[in-house]
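Novice: The sequence and its predicted three-dimensional model are supplied below.
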Amino acid sequence: MTPFSQHDAAGRLRHLTTLDGIPGEQIRAILDRAQGFLRSPGELPARARTLDGVTVANMFTEPSTRTRASFELAARRLGGDPLNLDINLSSRAKGETVLDTIYTLQAMAVDVFVIRDAEPGVCQYVAEHVQEHVSIVSAGEAHLSHPTQGLLDALTVLQFKGGFRDLVVAIVGDIRHSRVARSSYQALAALEVGEIRIVAPPTLMPDADEMPLARRYSGFEEGIAHADVIMMLRIQKERLAGTSIPDDQEYHRQWGLTRQRLKLARPEVIVMHPGPMNRGVEIASDVADGPSAVIRAQVTNGVAVRMAVLETLIENRLQRGASR
Amino acid sequence: MTPFSQHDAAGRLRHLTTLDGIPGEQIRAILDRAQGFLRSPGELPARARTLDGVTVANMFTEPSTRTRASFELAARRLGGDPLNLDINLSSRAKGETVLDTIYTLQAMAVDVFVIRDAEPGVCQYVAEHVQEHVSIVSAGEAHLSHPTQGLLDALTVLQFKGGFRDLVVAIVGDIRHSRVARSSYQALAALEVGEIRIVAPPTLMPDADEMPLARRYSGFEEGIAHADVIMMLRIQKERLAGTSIPDDQEYHRQWGLTRQRLKLARPEVIVMHPGPMNRGVEIASDVADGPSAVIRAQVTNGVAVRMAVLETLIENRLQRGASR
Amino acid sequence: MTPFSQHDAAGRLRHLTTLDGIPGEQIRAILDRAQGFLRSPGELPARARTLDGVTVANMFTEPSTRTRASFELAARRLGGDPLNLDINLSSRAKGETVLDTIYTLQAMAVDVFVIRDAEPGVCQYVAEHVQEHVSIVSAGEAHLSHPTQGLLDALTVLQFKGGFRDLVVAIVGDIRHSRVARSSYQALAALEVGEIRIVAPPTLMPDADEMPLARRYSGFEEGIAHADVIMMLRIQKERLAGTSIPDDQEYHRQWGLTRQRLKLARPEVIVMHPGPMNRGVEIASDVADGPSAVIRAQVTNGVAVRMAVLETLIENRLQRGASR
């Protein structure tokens, strides 16, 4: 078997299960396309018919109303047919294998599978087995990958900073267990951000061979000094066991982004968070609601980026079909 | 902070969380519009494209398949995009606050939030915080308000009686705990119904300062004598504790609408019920299925009224946008 | 009351609760129409607007993601509005009767009810009570009927064998408890298949008066000898109690379709399965994935057949309306 590739024979994007290995140029093309879907607040959202007749199945094994809604709206605003399915891919349901479930839905002419799953490898496994015209998009895979989140983070940086090259971006918090951190890192690295910092207590830092281009900081204040962009991560409380941090309050004291700490960054710093936020834990409420926060823009960009990804994959599929 | 208003600066309706304070003239305009959406049985339902590109999120904390379906169909038949969400606004889900949830969905370009919640005040709280182009519609709030039910009741009266001025309308049953009764009362009062009666045992009667224009009856027979319209309410069995009514059968004996009792009303009386009915409890089956019952017309009118409300709010929004 | 009929006064199909009593000619017409909805893999699915404005409610009391998805896609690809409802018709929900639930949805202008229910008789009961323009389609009723499965099985046979008359079709497994077997038998009998065999251990054989045209085989090898078509049924493990078959492995040894056994059939035999499959129980994995298997085509045909059924019922409804 040839090694798995997200690209087709002509190098066009066919799946999006990870940003790892996607060239910066293809990421830029998606961001460009996504920008075309942005509208001013109060305007009706952008719509197109480029997914007319295309069926997009949302298979969320882990609950996520917001990401599911974002994909559903993205598909629908392009004229596609979203199909929400309560199917657990990780385990056998009724004794049916994962592949039989996928083959069944593929036989119903599902064109795109949007999959969120707690188990590593499910997206790639499915992608390796579907027919040539079918695409897989990860909506979050274990602690490993959340590619559309990485793209929306990149789009948000581009929108507020105008570029990537001269920026200092600090990713802060539980990086070790975060698929958001991994995908954002991959996007930023591919886009050649000036300096990427990962800032975390040692127990929440990823293994030494991960994120090779990032500079590592075990001190919060030092890590965000003169930063242009701060990406705060959601803390999962159950992960604090075994660290020096006993509870929410103590986490906030040591690792919460407060107005005081924010002053260490550049004056025009932007503060990002993938949501849902734990106010008063990893981020103070007045920072979350303050002038530096671009958290709601991230959500808006999420729909635009997912529209751009879906449109790209379908466009590429049509080109594959035409060239045969 | 200025006191909450459902109207915008120009006096146009922007939210619909309660009928309290909506002028009769605006209610009439909604009913007029709703009448345009009525079709004969067997005809396909009315459709329009006035919600094209508009996203309507249904957030039902309390389960209600029928009201959720009615709003979903109303949005879709106007060309809008309904989005069903399993989000509990009353409590913090994953530590996210109510407002963060709303802000997130607003950032995805949700234009209208349809909210049902057991907790008083959630609709208004949300309405006070959303952006200017966003509208909130209550689909039932605690025991306080169910404005589209009040409107559909008014539309049904109008449809079968041709007007309001000379009518005697009796609302019967557990008025104390009923959001339907409150909203129907408000609609009927604003429309200047001739006489509104509330008919209930003392323990199920609302406080003395509520429903000031209504005449109160503690006897069923007296309360429905010569009535043109009888609105029966659903009894919640768990509320019978502490009353003189020990069980369903006893409730039916004392407060059930039977064919015998119905003879006390005007011959052309119409019988309404918000559903779902407890047959053999608050209403006898032969009355529910009899010639005076207009209960299914109420359901049909519910979709028409919800279409009219959604269209009104979006039309007003576009006018607000144009006048800026 | 006149006896229940699925046909209207002019003999046109109005409901589809069972294939029992549907003439072969009407089945052929549905299959013809369904063939028009088939597309090559990789092509976008067929679409039409013949259900424009039509609301199709999916009421699945028993969980079935795949069949629900198939009906949802069928309705949507014809331009209809699918409405997924979590309503249990078998039991009273909130004290509401089955008919009140149906009347309520009918009053919202639901045109077609797609019903799956574990209780025998629910579909017919509902069909007997709805208004003239409303249609009921069974999506699986107890162990009795699954008419669209019977139709998709027939379509698959037609697609791969070109006709029915000279074929030997063997239905194998737990026939006694299978609604699929009953509906497939009825379709094949109406289409005048050359020879229908039912092949099962005695405890899983239907009563003697059922399936009168079928030849009965209690031996697997004998039953599939020279067969053109083998339809394997899903085994329900809880039904093995009281049989001579203690477990999955033993079932597979005695009644599993293996490559070895498959050689007893005609060389160009096709193998069908309604899914979901228990690989290694009633069917060996290499048979399920082998060149004789047409199991995925069945799924594709399922959407096409459901489109054809919905379109037929709505077309007939419009003709009924026009002739009044």
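Specialist: Arrived safely, thanks for sending. Numbering: from 1, shown residues only, chains lettered A, B, ... in the order given.

Novice: which ones are touching the most centrally placed residue in chain A?
Specialist: Centroid-nearest residue in chain A: A:Gln149, 1.7 Å away (criterion: CA atoms, centre = their mean). The contact partners of A:Gln149, by CB atoms under 8 Å, 6 or more residues apart in numbering or on different chains, come to A:140, A:179-180, A:183-184, A:274, A:302. Backbone N, C-alpha and C define where each C-beta goes, glycine included.

Novice: List the buried residues of stretch A:190-203.
Specialist: By neighbour count on 16 or more other CB atoms under 10 Å in any protein chain shown, the buried set for stretch A:190-203 is A:190-191, A:193, A:195-201.

Novice: Can you flag which of the residues you listed belong to strands?
Specialist: Assigned to strands by DSSP state E, the following of the buried residues of stretch A:190-203 qualify: A:195-199.

Novice: of all the buried residues of stretch A:190-203, which comes closest to chain C?
Specialist: Nearest to chain C among those, counting by CB to the nearest CB, is A:Ala190 at 30.4 Å.

Novice: circling back: just put the contacts of A:Gln149 in a markdown table and tack on secondary structure.
Specialist: Formatted as a markdown table, the contacts of A:Gln149 follow (DSSP: H, G, I helix; E, B strand; the rest coil):
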| residue | secondary structure |
| --- | --- |
| A:Gly140 | strand |
| A:Arg179 | helix |
| A:Val180 | helix |
| A:Ser183 | helix |
| A:Ser184 | helix |
| A:Pro274 | coil |
| A:Gly302 | helix |
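
Novice: ok, so of those, who is nearest chain C?
Specialist: Among these, and counting by CB to the nearest CB, the member closest to chain C is A:Gly140, at 20.6 Å.

Novice: That closest one: how many residues sit nearby?
Specialist: By other CB atoms under 10 Å in any protein chain shown, the residues close to A:Gly140 number 25.

Novice: And the one 3 residues further on, by the same measure?
Specialist: The burial metric for A:His143, expressed as a neighbour count using other CB under 10 Å, is 19.

Novice: now A:Ala241
Specialist: What A:Ala241 shows, counting by other CB under 10 Å, is a neighbour count of 9.

Novice: Next: A:Ala139.
Specialist: 27.

Novice: looking at this, it is in a strand?
Specialist: Yes: A:Ala139 forms part of a strand when assessed by three-state DSSP.

Novice: Pull up the gap between it and B:Asp32, please.
Specialist: 45 Å (CB to CB, to the nearest Å).

Novice: re the thing from before, and the contacts of A:Gln149, which two are furthest apart?
Specialist: For the contacts of A:Gln149, the maximum inter-member distance is 14.6 Å, found between A:Arg179 and A:Gly302 (CB to CB).

Novice: Looking at the two, which is more packed in?
Specialist: Taking neighbours as other CB under 10 Å, A:Arg179 and A:Gly302 compare with A:Gly302 leading, 30 against 20.

Novice: quick one: low-confidence ranges for the stretch 201-324 of chain A?
Specialist: Residues of the stretch 201-324 of chain A that meet the criterion pLDDT under 70 lie in A:323-324.

Novice: quick one: what helix or strand has A:Phe4 in it?
Specialist: Following DSSP states H and E, there is no helix or strand that holds A:Phe4.

Novice: next one: phi and psi at it?
Specialist: phi -60, psi 140 (degrees, to the nearest 10).

Novice: Can you verify my assumption that it contacts A:Val126?
Specialist: No: counting by CB atoms under 8 Å, A:Phe4 does not reach A:Val126; the two are 11.0 Å apart.

Novice: More neighbours: which of the two?
Specialist: A count of neighbours by other CB under 10 Å puts A:Val126 above the other of A:Phe4 and A:Val126, at 24 against 11.

Novice: State whether the more buried one is indeed within a helix.
Specialist: Yes: under three-state DSSP, A:Val126 sits within a helix.

Novice: That one against A:Val110, yeah?
Specialist: No: A:Val126 is beyond contact range of A:Val110, at 11.3 Å (criterion: CB under 8 Å).

Novice: before we move on, back to that, from the buried residues of stretch A:190-203, pick the one nearest C:Gly162.
Specialist: Of the buried residues of stretch A:190-203, the one sitting nearest to C:Gly162 (CB to CB) turns out to be A:Ala190, at 53.9 Å.

Novice: All the strands of the stretch 51-200 of chain A, in order from the start?
Specialist: A:55-60, A:81-85, A:112-117, A:135-141, A:168-172, A:195-199 (DSSP state E, counting those that start in this stretch).

Novice: could you dump these to CSV with mean pLDDT?
Specialist: Compiled in CSV, those are given as follows (pLDDT from 0 to 100):
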stretch, mean pLDDT
strand A:55-60, 96
strand A:81-85, 95
strand A:112-117, 95
strand A:135-141, 97
strand A:168-172, 98
strand A:195-199, 98
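
Novice: Can you tell me how far the residue nearest to A:Leu264 when sequence neighbours are not counted is from chain B?
Specialist: Leaving aside its chain neighbours, A:Leu264 sits nearest to A:Ala225 (5.0 Å; criterion: CB to CB, 6 or more residues apart in numbering or on different chains). Distance of A:Ala225 to chain B, computed by CB to the nearest CB, to the nearest Å: 29 Å.

Novice: closest to chain B out of the strands of the stretch 51-200 of chain A?
Specialist: Using CB to the nearest CB, the strands of the stretch 51-200 of chain A put strand A:81-85 closest to chain B, at 8.6 Å.

Novice: Adjacent strands (with direction) for the closest one?
Specialist: strand A:55-60 (parallel) (DSSP bridges).

Novice: Need the contact partners of the strand it pairs with.
Specialist: By CB under 8 Å, 6+ apart, strand A:55-60 touches A:67-68, A:71-72, A:75, A:80-85, A:87, A:89, A:105, A:108-117, A:139, A:310, C:45, C:73.

Novice: hmm, try it at 6 Å
Specialist: Around strand A:55-60, the neighbours that count as contacts under CB atoms under 6 Å, 6 or more residues apart in numbering or on different chains are A:68, A:71, A:75, A:80-85, A:87, A:105, A:109-116.

Novice: if we can go back for a sec, ok, for the residue nearest to the centre of chain A, nearest residue in space, not its chain neighbours?
Specialist: Nearest one to A:Gln149, counting by CB to CB, 6+ apart, is A:Val180 at 5.1 Å.

Novice: From what I see, that neighbour and A:Ser145 are in contact.
Specialist: No: taking contacts as CB atoms under 6 Å, A:Val180 lies outside contact range of A:Ser145: 9.6 Å.

Novice: Make a markdown table out of the contacts of A:Gln149 and add distance to A:Gly321.
Specialist: Output for those, formatted as a markdown table (distance: CB to CB, whole Å):
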| residue | distance to A:Gly321 |
| --- | --- |
| A:Gly140 | 29 |
| A:Arg179 | 32 |
| A:Val180 | 34 |
| A:Ser183 | 29 |
| A:Ser184 | 33 |
| A:Pro274 | 35 |
| A:Gly302 | 29 |
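
Novice: From the residues you listed, pick the one nearest chain B.
Specialist: A:Gly302 (7.5 Å).

Novice: Tell me how chain A divides into domains.
Specialist: A:24-146+A:300-322, A:149-299 (automatic domain parsing).

Novice: Now do the residue nearest to A:Gln149, the pLDDT please.
Specialist: pLDDT, A:Val180: 98.

Novice: now A:Arg76
Specialist: 98.

Novice: Let me see the contact set for it.
Specialist: Contacts of A:Arg76 (CB under 6 Å, 6+ apart): A:82, B:81.
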